[in-house]
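Novice: sequence first, predicted coordinates after that:
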Amino acid sequence: MSFQYLLRSLAGTRAVLKSAHPTTPFTWQPARSLATSTNTIKKPPTAVLLTNMGGPETLDDVHDFLHNLFSDRDIMQLPWQKQLAKIIAKRRSPSIREQYAEIGGGSPILRWTRAQGQAMEKLLDEISPETAPHKHYIAFRYVEPYTDTALQQMKEDGVKRAVVFTQYPQYSCSTTGSSLNELQRGIDRAGLTDQIQWSIIDRWPTHPGFVEAMAVKIERKLAEYTAEERRDAIILFSAHSLPMQVVNRGDPYPAEVAASVQRVMERLGNQNAYRLVWQSQVGPKAWLGPQTSDALEGYAKAGKKNIVVVPIAFTSDHIETLYELDHEYGAEAKKAGVTGWKRAEALNDDPVFVKAMADIVKEHLQKNESASKQWYLRCPGCTTDACQTTRDFFPYKILDNKA
Ligand code: FES
């Protein structure tokens with residue numbers, strides 16, 4: 001991101017990285033007791049560390065969230081980044097606060113992640129008794145619970161085996177990559193290098209459970225049209241865009257999002273025409289397109305009245321679904337003459353999705369692989385030392401099953 005771009009952002013383009021996935025101030029839930037009344041030490045839980053960007057849970061959290069986001073050198077490298085992050089956060093906070101105010105005063109992402117985690121750990125205890133008990137922890141990148149908070153809790157619980165489970169189905173160095181780099185630094189800070197056996201679920205764009213959960217959400221929306229409307233309805237899969245600079249560096253995200261789309265459409269029997277489009281572009285530089293707003297305008301001009309928009313790269317509601325897709329693009333669609341604009345619901349705590357989460361973790365534990373082979377191949381244009389440091393820290397291996 002260039003300085004020029006930054007100045008233009010400061011001049012007021014829409015939500016610089018609205019992409020900020022929403023968050024919450026953090027309160028710990030009580031840890032499971034590790035000892036019985038007779039002082040028998042119970043087996044420590046198999047930890048499942050859910051990583052995501054997080055988002056401001058209240059309007060007062062917006063500033064710090066933005067400040068942390070713009071300070072992240074895994075997302076953008078700015079000259080005088082410390083100082084500029086402060087300036088941008090201050091400058092952008094009022095308009096981003098307004099957007100969060102529109103969606104109920106804050107991001108629901110912590111609430112949904114907790115609900116997903118609790119339901120997943122319960123299911124895991126049933127379907128994978130050999131690795132029980134399971135306990136979820138949450139590590140957000142830009143708000144509490146931060147990585148350090150989660151690691152402290154894991155330390156207190158005596159965790160010996162931990163699975164890092166990215167909540168981004170499709171891998172990008174800007175999202176999952178940033179979380180893993182921060183995790184590596186956090187483990188170092190917490191002195192947990194040798195105490196815990198780690199492995200990583202770094203992507204799951206085509207997992208059948210994820211595909212099924214998405215397909216069901218789309219089917220439900222399609223069912224709201226009349227038979228005639230449905231025949232002609234189109235499906236717009238919308239994912240957060242990336243600067244072309246990141247795409248051309250070799251980030252795997254666009255290909256993995258496309259793979260998800262392909263599988264979901266196959267599951268739906270390819271009954272409707274569809275396109276993959278990209279949202280949340282900011283600034284004057286080139287981003288991956290077509291943009292969602294341009295696509296809906298183009299299709300409106302072509303006479304398409306019924307469009308189901310699908311947030312294919314998000315697993316829970318946040319500002320990109322509740323504000324951008326529903327409010328902003330919803331209004332644009334109406335203005336353009338799209339009378340049947342419908343947004344497929346986010347996965348949130350849908351039982352089909354929670355089952356998929358539990359299956360993904362179970363399959364990973366059975367495989368006993370430290371991470372996917374794909375994760376160890378850095379982007380061909382990567383010049384970030386932290387990417388290699390993190391991979392060295394979690395070397396590829398087949399693990400001994402200590403769970
Ligand atoms: Fe992709 Fe470093 S930026 S591996």
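Specialist: Right, received. Where do you want to start? Numbers count the residues shown, from 1 in each chain.
Novice: tell me the secondary structure for Leu236?
Specialist: At Leu236, secondary structure determined by DSSP: H, G, I helix; E, B strand; the rest coil is strand.
Novice: tell me the residues on the chain that lie near the ligand, please.
Specialist: Those residues of the chain that sit near the ligand, judged by C-beta under 6 Å from any ligand atom, are 173, 177, 249, 251, 378-379, 382, 384, 387. Every C-beta, even on glycine, is put in place using the N, C-alpha and C of the backbone.
Novice: change it to 5 Å
Specialist: 173, 378-379, 382, 384, 387 (C-beta under 5 Å from any ligand atom).
Novice: and which of these is nearest Gly106?
Specialist: Cys173 (27.7 Å; C-beta to C-beta).
Novice: sorry, back to before: okay if I get the residues of the chain next to the ligand as TSV plus pLDDT?
Specialist: Formatted as TSV, the residues of the chain next to the ligand follow (pLDDT from 0 to 100):
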residue	pLDDT
Cys173	97
Arg378	98
Cys379	98
Cys382	96
Thr384	93
Cys387	96
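Novice: just say helix, strand or coil for Ile200.
Specialist: Per three-state DSSP, Ile200 ends up strand.
Novice: give me the buried positions along the top helix by length along the chain.
Specialist: Ranked by residue count under DSSP state H, the longest helix found in the chain is helix 81-102. For helix 81-102, the neighbour count (16 or more other C-beta atoms under 10 Å) marks 81, 84-86, 88-89, 92-93, 96-97, 99-100 as buried.
Novice: can you list these in TSV and add pLDDT?
Specialist: Shown next, in TSV, are those (pLDDT from 0 to 100):
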residue	pLDDT
Gln81	82
Leu84	87
Ala85	87
Lys86	92
Ile88	89
Ala89	90
Arg92	91
Ser93	92
Ile96	93
Arg97	95
Gln99	93
Tyr100	94
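Novice: distance check, Phe140 against Glu57.
Specialist: 10 Å (C-beta to C-beta, to the nearest Å).
Novice: how about the stretch 51-200 of the chain: which residue is closest to the ligand?
Specialist: The ligand sits closest to Cys173 of the stretch 51-200 of the chain, with a gap of 3.4 Å, by C-beta to the nearest ligand atom.
Novice: distance to Lys43 added to the buried residues of helix 81-102, as TSV?
Specialist: Putting those into TSV (distance: C-beta to C-beta, whole Å) gives the following:
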residue	distance to Lys43
Gln81	44
Leu84	48
Ala85	43
Lys86	46
Ile88	47
Ala89	44
Arg92	47
Ser93	46
Ile96	44
Arg97	45
Gln99	45
Tyr100	41
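Novice: mind listing what the closest residue to the residue of the stretch 51-200 of the chain closest to the ligand other than its chain neighbours touches?
Specialist: Of all residues not flanking Cys173 in the chain, Asp251 sits nearest, at 5.5 Å (C-beta to C-beta, 6 or more residues apart in numbering). Contacts for Asp251 (C-beta atoms under 8 Å, 6 or more residues apart in numbering) come out as 172-174, 242, 379.
Novice: center of this structure - which residue?
Specialist: The chain has Tyr168 as the residue nearest its centroid, 3.6 Å off, counting by C-alpha atoms, centre = their mean.
Novice: that one is in contact with Ser174, isn't it?
Specialist: No: using C-beta atoms under 8 Å, Tyr168 makes no contact with Ser174, being 9.6 Å away.
Novice: need the next SSE after the longest helix of the chain, C-terminal direction.
Specialist: helix 109-127 (DSSP states H and E).
Novice: okay, buried residues for that following helix please.
Specialist: 109-114, 116-117, 119-121, 123-125.
Novice: can I get the residues you listed in TSV with pLDDT?
Specialist: Output for the buried residues of helix 109-127, formatted as TSV (pLDDT from 0 to 100):
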residue	pLDDT
Ile109	96
Leu110	97
Arg111	97
Trp112	97
Thr113	98
Arg114	98
Gln116	98
Gly117	98
Ala119	98
Met120	98
Glu121	98
Leu123	98
Leu124	98
Asp125	98
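Novice: which among those gets closest to Asp232?
Specialist: The closest of these, once distances to Asp232 are taken by C-beta to C-beta, is Trp112, at 33.2 Å.
Novice: and the nearest residue to the closest one once chain neighbours are set aside, how many residues sit next to it?
Specialist: Counting by C-beta to C-beta, 6+ apart, Trp112 lies nearest to Ser316, which is 3.8 Å off, once chain neighbours are set aside. Using other C-beta atoms under 10 Å, Ser316 has 26 other residues around it.
Novice: contacts only, for Ser316.
Specialist: 108-109, 112-113, 116, 167, 346-348.
Novice: rerun that using 6 Å as the cut-off
Specialist: 109, 112, 346, 348 (C-beta atoms under 6 Å, 6 or more residues apart in numbering).
Novice: same deal with Lys342?
Specialist: Here Lys342 is in contact with 221, 308 (criterion: C-beta under 6 Å, 6+ apart).
Novice: next SSE after whichever helix or strand it is part of?
Specialist: Using DSSP H and E, Lys342 maps to strand 340-343. Sequence order places helix 351-367 as the next helix or strand after strand 340-343, per DSSP H and E.
Novice: what comes up buried for the helix or strand just after that next one?
Specialist: Moving toward the C-terminus from helix 351-367, the next helix or strand (DSSP H and E) is helix 373-376. For helix 373-376, a neighbour-count test (16+ other C-beta under 10 Å) marks Trp375 as buried.
Novice: skip ahead from helix 373-376 and say which helix or strand is next.
Specialist: Taking DSSP H and E, what comes next after helix 373-376 is helix 385-393.
Novice: returning to that earlier point: now do the residue nearest to the centre of the chain against Asp202, distance only.
Specialist: Distance from Tyr168 to Asp202, by C-beta to C-beta: 9 Å.
Novice: again, but for Glu102
Specialist: On the measure of C-beta to C-beta, Glu102 and Asp202 end up 34 Å apart.
Novice: what's the closest non-adjacent residue to Leu151?
Specialist: Leu151 sits nearest to Ala190 (C-beta to C-beta, 6+ apart), 4.4 Å away.
Novice: and Val48, what pLDDT?
Specialist: pLDDT for Val48: 98.
Novice: since we're on it, how many residues are nearby?
Specialist: Around Val48 there are 26 residues (other C-beta under 10 Å).
Novice: what bridges to it?
Specialist: For Val48, the beta-bridge partners under DSSP bridges are His136, Val163.
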